[in-house]
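**Q** Give me a model of this one.
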Amino acid sequence: METLSSIESFVRSAEAGSFSQAARNLGLTAAAVSKNVAKLEQNLGVRLFQRSTRSLVLTEAGEHFLADVAGGLRTIQAAIGNVASAAGKPAGTLKVSLALSFGREHVLPVLRDYMLQYPDVTPDLHFDNRAVDLIGEGFNVAIGGGIELVPGVVARELCRAHAIVVTSPAFLSGRKLPVKPADLSAFEAIQRRSQQTGRVRAWGLRNAAGEEAPIEMKTCAIMTDPEAMCHGALLGMGVAVVPKLHALPFLESGALVRLLPTWYADLGALSIYFANNRLMPSPTRLFVDHCVARFSETGLARKFSAL
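**A** Next up is the predicted model:
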C-alpha cells in the first residue's frame, strides 16, 4: 500500500516539473521528495519519470498514473481536513499566497481574527508579488489581482483596486496645481514597469461621470514596485500613479497628497482565489468567507476606492 506522502510527492513533482520546486511547495527537502518518488516507483515496478539534469518528464506510465491519482489525492486531502470539522474544530495547514505590503498591512489583521476563532489551523504564508500557480504550487488560497482563472480556480471579489495620482507637498511648492489630467504633462513622473510584461505602464484616468483621459508625463524614474514609487514621490522626485492601497498610509499621515482628486485609474478587482473543489477543506472555506466578510465589515473595500 503506497503512503499518501509518496503519492503527493509524485503528483507535486509532476505538476512542478522538478523535485526542488515540489519540495519548496511541500515544505520538504528535494532529497526527501526524490526518495518518496523512487520508493513509489520501486513498489509499482515502473518508472514514472524520465530524469535529466534540467527537468522531469513523465513516462507514459507516469502520465496514466497521474491522471488516475491526482483528483483522488485532492479528495483525500480535503476529506482529512474536514474530519476535525465534523466535531466543530477545523484543523490543518492553510497555505496562502499574498502580496508583500498588501498582505503585511491589510491581510495580517484579518488573519489574526481568523486564527483566534480557529486556533487549530496553522497559516503558512508566502509573501510574493508574483502571480502564482494556485493548484500547481499547492496553495489553498491566493489573495491579490491579475491571477489567471484557469479551469478549477474560482475567485471572490474583495474590493475594487483604484490607482491615484500622488506627490509630496514639497514637490508642489512653487508649482501650479493641475486641474485636469492634461495638466500632468508639465510634471516629472515616476513611472511603473510591469514585472509581468516588462513594459512601462501607460495610464488613462477616468472620473465618476464616466469621462476618460489619457495622461502623458515626463519620465524622471522607472520602478517596478508601487511602494517604492510612493517613497520616491515622498523624496520629491515627482508625481506617481499608484494603487491607493499602497499610498494610503502616506496620505493619512500627510506625507503625500492626492492630485486631481476626482480622477482615478481602475485596476480591476482584488480577489481571493481558491480551487473549485467539491470537497474544499473546511479551513479554506472558512478563511474565504472570513476574508470577504471582514473586508466589507471593516470598510477596507471603501478605503481602497478612489471614489
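**Q** now stretch 158-178: mean pLDDT?
**A** Mean pLDDT, stretch 158-178: 94.
**Q** Quick check: end-to-end length of it?
**A** Taking CA to CA, to the nearest Å as the measure, stretch 158-178 stretches 32 Å from start to finish.
**Q** Can you list the buried residues in that stretch?
**A** 158-168, 171-172, 178 (16 or more other CB atoms under 10 Å). To be clear about C-beta, it is placed using only N, CA and C from the backbone, and glycine gets the same treatment.
**Q** Also stretch 14-27?
**A** The neighbour-count check on stretch 14-27 (16+ other CB under 10 Å) flags 14-17, 19, 21-26 as buried.
**Q** Among the residues you listed, which one lies nearest to residue 96?
**A** Closest to residue 96 out of those is residue 25 (13.2 Å), distances taken as CB to CB.
**Q** still on that earlier bit, as JSON lines, the buried residues of stretch 158-178 with secondary structure and distance to residue 295 would be great.
**A** Formatted as JSON lines, those follow (DSSP: H, G, I helix; E, B strand; the rest coil; distance: CB to CB, whole Å):
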{"residue": "158", "secondary structure": "strand", "distance to residue 295": "5"}
{"residue": "159", "secondary structure": "strand", "distance to residue 295": "6"}
{"residue": "160", "secondary structure": "strand", "distance to residue 295": "11"}
{"residue": "161", "secondary structure": "strand", "distance to residue 295": "12"}
{"residue": "162", "secondary structure": "strand", "distance to residue 295": "15"}
{"residue": "163", "secondary structure": "strand", "distance to residue 295": "19"}
{"residue": "164", "secondary structure": "strand", "distance to residue 295": "19"}
{"residue": "165", "secondary structure": "strand", "distance to residue 295": "25"}
{"residue": "166", "secondary structure": "strand", "distance to residue 295": "23"}
{"residue": "167", "secondary structure": "strand", "distance to residue 295": "28"}
{"residue": "168", "secondary structure": "coil", "distance to residue 295": "30"}
{"residue": "171", "secondary structure": "helix", "distance to residue 295": "33"}
{"residue": "172", "secondary structure": "helix", "distance to residue 295": "33"}
{"residue": "178", "secondary structure": "coil", "distance to residue 295": "32"}
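**Q** by contact count, what packs against the helix or strand that contains residue 116?
**A** Element membership for residue 116 (DSSP states H and E) is helix 108-117. With contacts taken as 3 or more CB pairs under 8 Å, 6 or more residues apart in numbering; DSSP states H and E, helix 108-117 sits against strand 121-127, helix 282-297.
**Q** Ok, which of those comes nearest residue 154?
**A** helix 282-297 (9.6 Å).
**Q** those strands in the protein, which residues are they?
**A** 49-51, 56-58, 92-98, 121-127, 141-144, 153-167, 188-192, 204-207, 212-214, 218-223, 239-243, 257-259, 263-275 (DSSP state E).
**Q** most packed of those strands?
**A** strand 239-243 (a mean of 27; mean count of other CB atoms under 10 Å).
**Q** which residues touch that strand?
**A** Contacts of strand 239-243 from elsewhere in the structure, counted by CB atoms under 8 Å, 6 or more residues apart in numbering, are 161-167, 171, 184, 187-190, 192, 201, 203, 215, 217, 226, 229-230, 232-233, 259, 265, 267, 304.
**Q** the inter-axis angle of it versus strand 218-223?
**A** With axes from the mean of the first three to the mean of the last three CA atoms, to 10 degrees defining the directions, strand 239-243 sits at 40 degrees from strand 218-223.
**Q** what is the mean pLDDT for strand 239-243?
**A** Taken as a whole, strand 239-243 carries a mean pLDDT of 96.
**Q** So what angle separates the directions of it and strand 153-167?
**A** For strand 239-243 against strand 153-167, the angle by the same axes, to 10 degrees is 160 degrees.
**Q** from the middle of its chain, how far away would strand 239-243 be?
**A** Centre-to-centre, strand 239-243 and its host chain are 20 Å apart (CA atoms, centre = their mean, to the nearest Å).
**Q** Could you list the paired strands of it along with their orientation?
**A** Here strand 239-243 is paired, per DSSP bridges, with strand 153-167 (antiparallel), strand 188-192 (parallel).
**Q** now the shortest one: how far from the chain's centre is it?
**A** Distance of strand 188-192 from the chain centroid (CA atoms, centre = their mean) equals 24 Å.
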